[in-house]
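>>> Requesting a structural model of the entry that follows:
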Amino acid sequence: MALLPLRRSAKEIRDPQVVEALLQAAPVGRLGTVGADGSPRIKPLNFAWHRGRVYVHSAREGEKIEDIRRDPRVCFEVDQPLAYVKARTQPCRATYLYRSVVLLGRAALVEDPAERREGLDALLAKYQPGEVLPPYPPEKLVVTAVLRIDPQVVVGKEDLGSGAVRDRILQALERGARLPLVFEEG
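Okay, here's the model as predicted:
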């Protein structure tokens, strides 16, 4: 997995643990595919980051599946709103602070039964933590597709602000505060 350099390198997330944590925790990911007419398409979806890959489930038919069968190149994005800074003196001082990860890779339908279950188990562990559920009904497994995205390029980007705002955001992240925060321009 390669890292793509950013134009503004000061915003690059260089700590792979921060990237990993964001991919683990983000509740929604956005999948970008290439449509039949060559236009980009974005779909928000549930996902699991598991063993360095993205797993999603889907119906076996539909636009997303058709796009991937035709062209497996995809883009995947997650983000975390950290804070809004309200402007008091001029509009250009209003700021949105965030973390995000974009990955470029290839998607594939998972056919191996063991990996399909592993992908589904990763999704359940994320969205139904601590639940003990019965086995997957065979009739559901037949109609459910599991997609795997193998990242080739991963880019982490953040804007944490500066000075006291940055300190407050880092403290909020450490203590697991509810985000996004709202600050007044300082």
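>>> Please enumerate the strands of the chain.
Ranges of strands in the chain, per DSSP state E, are 2-3, 29-34, 40-45, 48-50, 53-59, 73-86, 95-109, 144-159, 181-184.
>>> Of all these, which one is nearest Leu173?
Among the strands of the chain, the nearest to Leu173 by Cβ to Cβ is strand 73-86 (7.6 Å). Heads up, the C-betas are built off the backbone N, CA and C, glycines and all.
>>> Show me which residues of that closest one are buried.
Val74, Cys75, Phe76, Glu77, Val78, Asp79, Gln80, Leu82, Ala83, Val85 (16 or more other Cβ atoms under 10 Å).
>>> Reformat the residues you listed as TSV; add pLDDT and distance to Gln128.
Listed next are these as TSV, based on pLDDT from 0 to 100; distance: Cβ to Cβ, whole Å:
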residue	pLDDT	distance to Gln128
Val74	98	26
Cys75	97	27
Phe76	98	22
Glu77	98	24
Val78	98	19
Asp79	97	23
Gln80	96	22
Leu82	95	27
Ala83	94	30
Val85	89	36
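>>> okay if I get these as JSON lines plus distance to Thr33?
Shown next, in JSON lines, are the buried residues of strand 73-86 (distance: Cβ to Cβ, whole Å):
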{"residue": "Val74", "distance to Thr33": "6"}
{"residue": "Cys75", "distance to Thr33": "8"}
{"residue": "Phe76", "distance to Thr33": "10"}
{"residue": "Glu77", "distance to Thr33": "12"}
{"residue": "Val78", "distance to Thr33": "16"}
{"residue": "Asp79", "distance to Thr33": "19"}
{"residue": "Gln80", "distance to Thr33": "23"}
{"residue": "Leu82", "distance to Thr33": "28"}
{"residue": "Ala83", "distance to Thr33": "32"}
{"residue": "Val85", "distance to Thr33": "34"}
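>>> contact partners of the lengthiest helix in the chain?
In the chain, with assignment by DSSP state H, the single longest helix is helix 113-127. Here helix 113-127 makes contact (Cβ atoms under 8 Å, 6 or more residues apart in numbering) with 24, 46-48, 50, 55-57, 110, 131, 133, 136, 141, 144, 146, 148.
>>> let's see it at 7 Å
For helix 113-127, the external contacting residues (Cβ atoms under 7 Å, 6 or more residues apart in numbering) are Asn46, Ala48, His50, Tyr55, His57, Val110, Leu133, Tyr136, Val146, Arg148.
>>> Quickly list what the residue nearest the centre of the chain is bridged to.
Most central in the chain under Cα atoms, centre = their mean is Val78, positioned 2.9 Å from the mean C-alpha point. Counting by DSSP bridges, Val78 is bridged to Val101.
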